[in-house]
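Visitor: predicted coordinates and the sequence they were generated for:
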Amino acid sequence: MAMTARIDVTGQDLLASLRQFLRAILELQDIRAILVPRHLPMNNAVMPALVTDPDCLEGVDPLAPAFPMNAAKIVSRLTGKPMGAQVAAILRPCEIRAFIELVKLKQGRTEEVVLIGIDCLGAYQNKDYLRFAGEDGAHATVRFYQSVLTGRGTRIDGVDLAPACRACEYPVASNADITIGLFGIEFDDHLIVQSQSVRGEAVLKQLNLEQTVEPTARRETIAALVAQRTAQRDEMLAQTRAGTENLAKMTTYFARCVNCYNCRVACPVCYCKECVFVTDVFNHDPYQYLRWATRKGVIKMPTDTLFYHMTRLAHMSTACVGCGQCSNACPNDIPVMEVFRSVAQATQKAFDYEAGRHIDEDPPLAVFREDEFAEVVGMSLQTGRQA
């Protein structure tokens, strides 16, 4: 049974109240550290930080509209091998979904981590966040969450959410041990926290928080937001499919790619220790370039850009969670995320699979099922003959 409790917001200071809640968790005997976004002293950057000292929680900011990386990779590193201690991780819904995929791919473990999901208000792209935050990141966060939670919108000073966030239909975390609720709550007065697992309930019970009930307005607010985001997603995917429906259009779409491979590095579920595209396989001999150019008259340099993206699509479409970090990392502003979400939606639908939906679901292609895709193999299971 899920436990619902309240966090009182003192002096209408939401960030201070969240930090106090995190301090209470960190002071529990069972929790040795908390992974949480934190303002760095340089350039107003917000990056994941592993905090062990409660006095160092000043500056943590899980509400900042900054998303420089998907922290699922960090949690994967922290949990890949036994630590001998338990940590808590404050994550966005897409980060939790990505971590679930990594666990299923044997790249992380859940035994020593308490996953704390927080309602996601969205984030700006890296360059837009720095412009929005200016010299005072903490004040910028207050402006942002007040605008979003009071219904004034996400567009502030000409800056709007990253495309991935505008089209994300998962604003509330699933598969978390504990969730922190913001939507549909009188956030100037209190927040709610809910346990979603036995481990999460055990943590909340130790905090001795006042129990409460989830307000009806919360569910209504979330449903309306999901409907809005889903409509934006469908529009985005339709436009992307129209612009990438054949090889010629795909070539145009990725024409500005310089093979920096930033999108591969930024992807939270792209985990191969050695990518084929950084091996000698694609280190062509000089004469080969001349042969290609002679045959066609002209070739784009660098080569293999489209092959690279199509290979990643084949590898990653079943695991893509749509976090948008691929686009965020692109130096030439190629909308990589839109293509990956477009292909991922079709691929995952074909397998009746949803990346990060449940930890007990086997990834597609990882297991063999006799009864799937009979129309493709053309074999009847009942007779053993061709259908």
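Guide: All right, it came through fine.

Visitor: ok, longest strand in this protein?
Guide: For the chain, the longest strand by residue count, based on DSSP state E, is strand 31-39.

Visitor: after that one, next one along is what?
Guide: The C-terminal neighbour of strand 31-39 among helices and strands, as given by DSSP states H and E, is strand 46-51.

Visitor: got the angle between that next one and strand 31-39?
Guide: Orientation of strand 46-51 against strand 31-39 (axes from the mean of the first three to the mean of the last three Cα atoms, to 10 degrees) gives an angle of 160 degrees.

Visitor: following strand 46-51, which helix or strand shows up next?
Guide: Following strand 46-51 toward the C-terminus (DSSP H and E): helix 72-79.

Visitor: between the helix or strand following that following helix and helix 72-79, how big is the angle?
Guide: As assigned by DSSP H and E, the chain's next helix or strand after helix 72-79 is strand 86-91. Angle, strand 86-91 to helix 72-79, by the same axes, to 10 degrees: 180 degrees.

Visitor: sheet-wise, list the partners of strand 86-91 with their directions.
Guide: Strand 86-91 has its sheet partners listed here by DSSP bridges as strand 31-39 (parallel), strand 113-118 (parallel).

Visitor: neighbours of the closest residue to residue 277 other than its chain neighbours, how many?
Guide: The shortest distance from residue 277 to any non-neighbouring residue, by Cβ to Cβ, 6 or more residues apart in numbering, is to residue 308 (5.5 Å). All C-beta spots, glycine's among them, are computed from the backbone N, C-alpha and C. The local packing of residue 308 (other Cβ atoms under 10 Å) involves 21 other residues.

Visitor: give me the neighbour count for residue 223.
Guide: 12.

Visitor: secondary structure element for it?
Guide: Per DSSP H and E: helix 216-243 holds residue 223.

Visitor: same question for residue 138.
Guide: helix 137-149.

Visitor: please tell me how far the residue nearest to residue 277 sits from residue 281.
Guide: Using Cβ to Cβ, to the nearest Å, residue 308 is found at 11 Å from residue 281.

Visitor: and residue 58, how close does it get to residue 363?
Guide: Counting by Cβ to Cβ, the gap from residue 58 to residue 363 is 40 Å.

Visitor: got a pLDDT number for residue 159?
Guide: At residue 159, the predicted lDDT confidence score is 93.

Visitor: over to the one 10 residues further on?
Guide: Taken from the predicted model, the pLDDT recorded for residue 169 is 96.

Visitor: and what of residue 12?
Guide: Per the predicted model, pLDDT is 88 at residue 12.

Visitor: which parts of stretch 189-199 are buried?
Guide: 190-197, 199 (16 or more other Cβ atoms under 10 Å).

Visitor: brain fart, stretch 34-44
Guide: For stretch 34-44, by 16+ other Cβ under 10 Å, it's 34-39, 44.

Visitor: quick one: end-to-end length of that stretch, please.
Guide: 21 Å (Cα to Cα, to the nearest Å).

Visitor: now swap in stretch 146-161 and tell me
Guide: End to end - Cα to Cα - stretch 146-161 spans 15 Å.

Visitor: where does the prediction get shaky in the chain?
Guide: Residue ranges of the chain with pLDDT under 70: 1, 43, 369, 372-387.

Visitor: let's see it at 80
Guide: 1, 42-44, 273, 365-387 (pLDDT under 80).

Visitor: nearest residue to the spatially most central residue of it in space, please, no chain neighbours.
Guide: The residue lying closest to the centre of the chain (Cα atoms, centre = their mean) is residue 94, at 2.9 Å. Nearest in space to residue 94, with sequence neighbours left out and distances taken as Cβ to Cβ, 6+ apart, is residue 323 at 4.1 Å.

Visitor: wait, what's in contact with the one you found?
Guide: Taking Cβ atoms under 8 Å, 6 or more residues apart in numbering, we find residue 323 in contact with 67, 70, 92, 94-95, 98, 164, 268, 337.

Visitor: now name the helix or strand holding it.
Guide: Applying DSSP H and E, one finds residue 323 in no helix or strand.

Visitor: contacting residues around residue 211?
Guide: 3-6.

Visitor: so can I have a markdown table of these showing secondary structure, distance to residue 157 and neighbour count?
Guide: Listed next are these as a markdown table, based on DSSP: H, G, I helix; E, B strand; the rest coil; distance: Cβ to Cβ, whole Å; neighbours: other Cβ atoms under 10 Å:
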| residue | secondary structure | distance to residue 157 | neighbour count |
| --- | --- | --- | --- |
| 3 | coil | 40 | 17 |
| 4 | strand | 36 | 18 |
| 5 | strand | 36 | 19 |
| 6 | strand | 33 | 17 |
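
Visitor: and which of those residues is nearest to residue 205?
Guide: Among the contacts of residue 211, residue 3 lies closest to residue 205 (Cβ to Cβ), at 7.3 Å.

Visitor: partners of the closest residue to that closest one other than its chain neighbours in the sheet?
Guide: Closest residue to residue 3 apart from its sequence neighbours, by Cβ to Cβ, 6+ apart: residue 195 at 4.4 Å. Applying DSSP bridges to residue 195 gives these bridge partners: residue 178.
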